[in-house]
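Trainee: Could you look at this predicted model? Sequence included:
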Amino acid sequence: MAVRAFPIQCDPTLLADIRRYGKFDTTGCYQCASCTVCCELVTDFVSFPRKNIRYALLGLRETLLGSLEPWICHDCGDCSLICPRQAEPRMSMVTLRRFLTAQYDWTGIASKLLTSNAWYFGSLIFVALLTLALIIGYHVWYISMPARDFATTPLGLEHMFPIMTYYTLVVMLLPLLLVLSRVFRIWRLTMSGEGRPVIPFSVYVVEAWTYAYQSVTHSLMRKCPEHGRWRGHWLLALGTVMMLAVKAFGLRWFQTDNIYPIYNPQRWVGYIAAGCILYGIQDILACRLRAQKEICKETHFHDLVFPVLITLTVLSGLVAHILRYAGFALACHYAYALHVIIATPMLVVEMSFGKWSHMIYRPLALYFQAVKERADHQVPAQEILSHAS
């Protein structure tokens, strides 16, 4: 009797490949499934972290690449607290998300940045130095400013606003386009391919609201044991989106030398966005430090770089704002230059290839999961079996 070959192949290099992206402890784990049982986010359709760890152990690369579950995990750490072997499944899920981020990136840059400290910090420093060179070149060659005036002339900022409008849009939209360019690759890995039933386009349309809803509410994080995490992450996302929206659509109104009274909306939009970001960041940093003490023995330093960069970006922007309203034009000019030098690598490097990308990947995974679950109810069982055979 002929035996059909099993279509899934084992890749013995998968586990070593994953460990390049962080801690992934499988020696202590004896597959008791306590981590899965305790997780509030596990459902009949979604099971983690045990299943994804098994995929890695068995070398099921294609299956792991097609999994949405590492993104549905909201990093509460409850699984690590309950693990009887201290195998730290939370850190394993963090590492899997970093691994998947690199697999989604078609440029190959994310893999280098997420596995090499030299590449990571080198890219941040390179973009910062390039930004500094552009600032100096603008003043020296574009507006023909003598070198001695850098320390003596209290220039206003209005001369650079027209060109800064285009610079800001490029620095914001280029990383966003890079992240969005990976959406098709994520769809192909997780929703399409051999052995998966074809999902009608109408199901994607019906569930489209899920992406917007999860992007705005972060509702699943409320199920995590530490409910305060939801508030911090939500305020950080709100402040970040507010600031990006202002820079993308209202930059000429927001970025100006006009002195507005304290009650003007132009000032309060910035204050509210900055307050949301700073509150969210301090809350996240507090959670990281608490997790480092209570949940696991280490926190990946890459997780700390983004909060530090966004904090410095907000603080340098506030300093430039205060100096401008206080009448210190030259100091404001330097503070604004420092603000641009910090913000540019944060956007270009972190948003394109680092921590920020999960702001798009996680809601996308929840959307695709909702599509799968709805399709399972709509597609006849016989049709599913025919695709699998």
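Mentor: Yep, that arrived.
Trainee: only C-alpha atoms for contact and neighbour calcs from this point on.
Mentor: Noted.
Trainee: And for Asp11, the neighbour number?
Mentor: By other C-alpha atoms under 10 Å, 14 other residues sit near Asp11.
Trainee: Assign it to helix, strand or coil.
Mentor: Classification of Asp11 using DSSP: H, G, I helix; E, B strand; the rest coil returns coil.
Trainee: how close does it get to Tyr21?
Mentor: Per C-alpha to C-alpha, to the nearest Å, Asp11 is found 17 Å from Tyr21.
Trainee: In the stretch 151-300 of the chain, where is pLDDT below threshold?
Mentor: Scanning the stretch 151-300 of the chain for pLDDT under 70 picks out the ranges 152-160, 194-195, 225-228, 287-300.
Trainee: rerun that using 90 as the cut-off
Mentor: 151-170, 172-177, 179-180, 192-200, 212-238, 240-270, 279-300 (pLDDT under 90).
Trainee: And the helices in it?
Mentor: Taking DSSP state H, counting those that start in this stretch, the helices of the stretch 151-300 of the chain run over residues 161-180, 183-190, 201-206, 208-217, 228-249, 251-254, 265-294.
Trainee: so what secondary structure elements neighbour the shortest one?
Mentor: Packed against helix 251-254, as judged by 3 or more C-alpha pairs under 8 Å, 6 or more residues apart in numbering; DSSP states H and E, are the following elements: helix 161-180.
Trainee: quick one: buried residues of the helix it packs on?
Mentor: 164-165, 168, 171-172, 175-176, 178-179 (16 or more other C-alpha atoms under 10 Å).
Trainee: now do stretch 21-30
Mentor: Under 16+ other C-alpha under 10 Å, the buried positions of stretch 21-30 are 21-24, 26, 29.
Trainee: Let's see which of these end up in helices.
Mentor: Judged by DSSP state H, the subset of these located in helices is empty.
Trainee: Please tabulate those in a markdown table and include distance to Tyr104 and pLDDT as additional columns.
Mentor: Shown next, in a markdown table, are the buried residues of stretch 21-30 (distance: C-alpha to C-alpha, whole Å; pLDDT from 0 to 100):
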| residue | distance to Tyr104 | pLDDT |
| --- | --- | --- |
| Tyr21 | 14 | 92 |
| Gly22 | 17 | 89 |
| Lys23 | 20 | 88 |
| Phe24 | 20 | 89 |
| Thr26 | 24 | 80 |
| Cys29 | 28 | 79 |
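Trainee: Which one of those residues is nearest to Trp187?
Mentor: In terms of C-alpha to C-alpha, no member of the buried residues of stretch 21-30 lies closer to Trp187 than Tyr21, at 22.6 Å.
Trainee: My guess is that closest one contacts Leu113. True?
Mentor: No. With contact defined as C-alpha atoms under 8 Å, Tyr21 does not count as touching Leu113 (9.7 Å).
Trainee: what number of residues lie near Gly275?
Mentor: 16.
Trainee: number of nearby residues for the closest residue to it other than its chain neighbours?
Mentor: Nearest non-adjacent residue to Gly275, counting by C-alpha to C-alpha, 6 or more residues apart in numbering: Gly239, 7.5 Å away. Using other C-alpha under 10 Å, Gly239 is surrounded by 24 other residues.
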